[in-house]
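K.L.:
Pasting the sequence and the predicted coordinates here, then a few questions.
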Amino acid sequence: MEANPINSCCLLVRLLFSMALMLPVVCLSAGGSTTELNPIVVIPGSGGNQLEARLTAEYKPSSLLCALAAPRQGARMGRWFRLWFDPSVLVPAFTRCFAERMTLYYHADLDDYRNAPGVETRAPHFGSTQSLLYLDPHLKHITEYMAPLVNSLERVGYVDGQNLFGAPYDFRYGLAADGRPCKIGTQYLRDLKELIEVASAGNGGKPVILLSHSLGGLFALQLLGRSSIAWRRTYVKHLVALSAPWAGTVQEMLTFASGYTLGIPVVDPLLVRGEQRSSESNLWLLPSPKVFGERPLVVTANRSYSAPDMTEFLEDIGFEEGVRPYRTRILPMVAEELPEAGVPVTCVVGGGVETPERLVYGAAGFDVQPEVEYGDGDV
């Protein structure tokens, strides 16, 4: 299971929309048509778009139950099915099946991440906001995500696929430091860059407004930082970043240590912990030593851990295999200053939302959920 993309977006979506409308020059004629609307590309957060999968002959289910679940989803016939969000994950018996299909594997020989054998994935409807509206279109009321924002934009003249675009992605994958292989994340940046160029070209050459949420802001900033000044000035008017975790979050340390179920009581966090640890983007979202410094973030009966202690933390929670990719792929990237955007940036943050600041573990260790000390934040 991924970090909850819905709560923070719903709390701040009206504010984000208000900020967005300050950016383009909007003119509505008597007939309701628009002129001078800058195109918008929406980049969701982790878990903020649907993810599809199909299983091949290489897929080896871990149990008879997982094997029986595959035909129910049409997977055995090679058809694509929705992997995220699938309500079957809420059924404890099927949680393990979901987790094994979502798990990534770090290949030391490639120095990169890949899907589990026999599992192919894709983010559907790239270029459209369709897969961002609801994580499950059959459960709109409880999986609504970007629908309020998109509906608001449509009321002032934005049209999906014409001047409003979505950039969904496989949010389990992240980016890596310069010189490190990063097949999936790098391809996403290429696709995002091309989408921005197409959106601009289809709207009279107007530069694009990037609207990002959470992890999407990190991808947007990395794209800008890795592109030429000339390209940025030509194609991007503004970046609006909602709740961007520029320096990571303490919440991710809870996810790695004990698993995180989005507050759903019927799901055992230990069943999804391994899958969550395997996520490349979750490593990217661990607290930055440069920003969080030496203050204790995790406290146990034996010691405390600050952001500079992250490799020891990963070892002590039993995730030794995460140490090498963290040290070589993530740490060099987060140890640097944030990339220079080269375009105007508006950061939208919230207040009054309980946000983990310190995790306190008792004698039972990391297999039990900690006592969480909260601060005022927006995640």
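P.N.:
Structure received. Numbers count the residues shown, from 1 in each chain.

K.L.:
Helix or strand with the lowest mean pLDDT in this structure?
P.N.:
strand 27-28 (a mean of 38; mean pLDDT, DSSP states H and E).

K.L.:
The stretch 151-300 of the chain: helices as residue ranges?
P.N.:
Assigned by DSSP state H, counting those that start in this stretch, the stretch 151-300 of the chain shows helices spanning 183-201, 215-225, 229-235, 251-258, 269-278, 280-284, 289-292.

K.L.:
which one of the ones you listed lies closest to residue 317?
P.N.:
With respect to residue 317, and counting by Cβ to Cβ, the nearest of the helices of the stretch 151-300 of the chain is helix 251-258 at 4.8 Å. Glycine gets a C-beta too; all of them are placed from N, C-alpha and C.

K.L.:
Any idea how far that closest one is from the middle of the chain?
P.N.:
Distance of helix 251-258 from the chain centroid (Cα atoms, centre = their mean, to the nearest Å) equals 15 Å.

K.L.:
elements contacting that helix?
P.N.:
In this structure, helix 251-258 makes packing contacts with helix 269-278, helix 280-284, helix 310-316, strand 353-360, judged by 3 or more Cβ pairs under 8 Å, 6 or more residues apart in numbering; DSSP states H and E.

K.L.:
Which residues are in contact with residue 287?
P.N.:
Contact analysis of residue 287 by Cβ atoms under 8 Å, 6 or more residues apart in numbering lists 247, 248, 249, 250, 252, 253, 297, 307, 310.

K.L.:
If you could redo that for residue 60, that was the one I meant.
P.N.:
117, 118.

K.L.:
tell me which element it is part of?
P.N.:
For residue 60, there is no host helix or strand (DSSP states H and E).

K.L.:
Retrieve the pLDDT associated with the nearest residue to residue 67 once chain neighbours are set aside.
P.N.:
Leaving aside its chain neighbours, residue 67 sits nearest to residue 61 (4.2 Å; criterion: Cβ to Cβ, 6 or more residues apart in numbering). Looking at residue 61, its pLDDT stands at 91.

K.L.:
what number of residues lie near residue 295?
P.N.:
Residue 295: 11 surrounding residues under other Cβ atoms under 10 Å.

K.L.:
now swap in residue 151 and tell me
P.N.:
13.

K.L.:
show me the contacts for it.
P.N.:
Residue 151 sits in contact with no residue, where contact means Cβ under 8 Å, 6+ apart.

K.L.:
quick one on the thing from earlier: can you give me the neighbour number for the residue nearest to residue 67?
P.N.:
Residue 61: 17 neighbours (other Cβ under 10 Å).

K.L.:
My understanding was that it contacts residue 94; is that so?
P.N.:
No - assessed by Cβ atoms under 8 Å, residue 61 is found out of contact with residue 94, at 11.5 Å.

K.L.:
Overlap in contacts, the two.
P.N.:
residue 69.

K.L.:
circling back to that earlier point, what's the most buried one of the helices and strands packed on helix 251-258?
P.N.:
helix 280-284 (a mean of 25; mean count of other Cβ atoms under 10 Å).

K.L.:
and that helix, how far out from the chain's middle?
P.N.:
Distance of helix 280-284 from its chain centroid, counting by Cα atoms, centre = their mean, is 9 Å.

K.L.:
Now name the helix or strand holding residue 343.
P.N.:
Assigned by DSSP H and E, residue 343 falls outside every helix and strand.

K.L.:
Could you find the closest non-adjacent residue to it?
P.N.:
Counting by Cβ to Cβ, 6+ apart, the residue nearest residue 343 is residue 236, at 4.8 Å.

K.L.:
Determine the number of other residues adjacent to the one you found.
P.N.:
23.

K.L.:
Give me the residue ranges of the chain where confidence is low.
P.N.:
Across the chain, residues meeting the criterion (pLDDT under 70) sit at 1-35, 70-77, 378-379.

K.L.:
Any idea which residue is closest to the centre of it?
P.N.:
residue 46 (1.7 Å; Cα atoms, centre = their mean).

K.L.:
looking at this, that one is in a strand?
P.N.:
No - per DSSP: H, G, I helix; E, B strand; the rest coil, residue 46 lies outside any strand segment and is coil.

K.L.:
Now do the phi/psi pair for it.
P.N.:
phi -60, psi 130 (degrees, to the nearest 10).

K.L.:
Would you quantify the distance from it to residue 302?
P.N.:
With distances taken as Cβ to Cβ, to the nearest Å, residue 46 is found 31 Å from residue 302.

K.L.:
Residue 56 now?
P.N.:
Separation of residue 56 from residue 302 (Cβ to Cβ) stands at 45 Å.

K.L.:
can you give me the end-to-end distance of stretch 291-306?
P.N.:
Counting by Cα to Cα, to the nearest Å, you get 11 Å between the two ends of stretch 291-306.

K.L.:
Many thanks, we can stop here.
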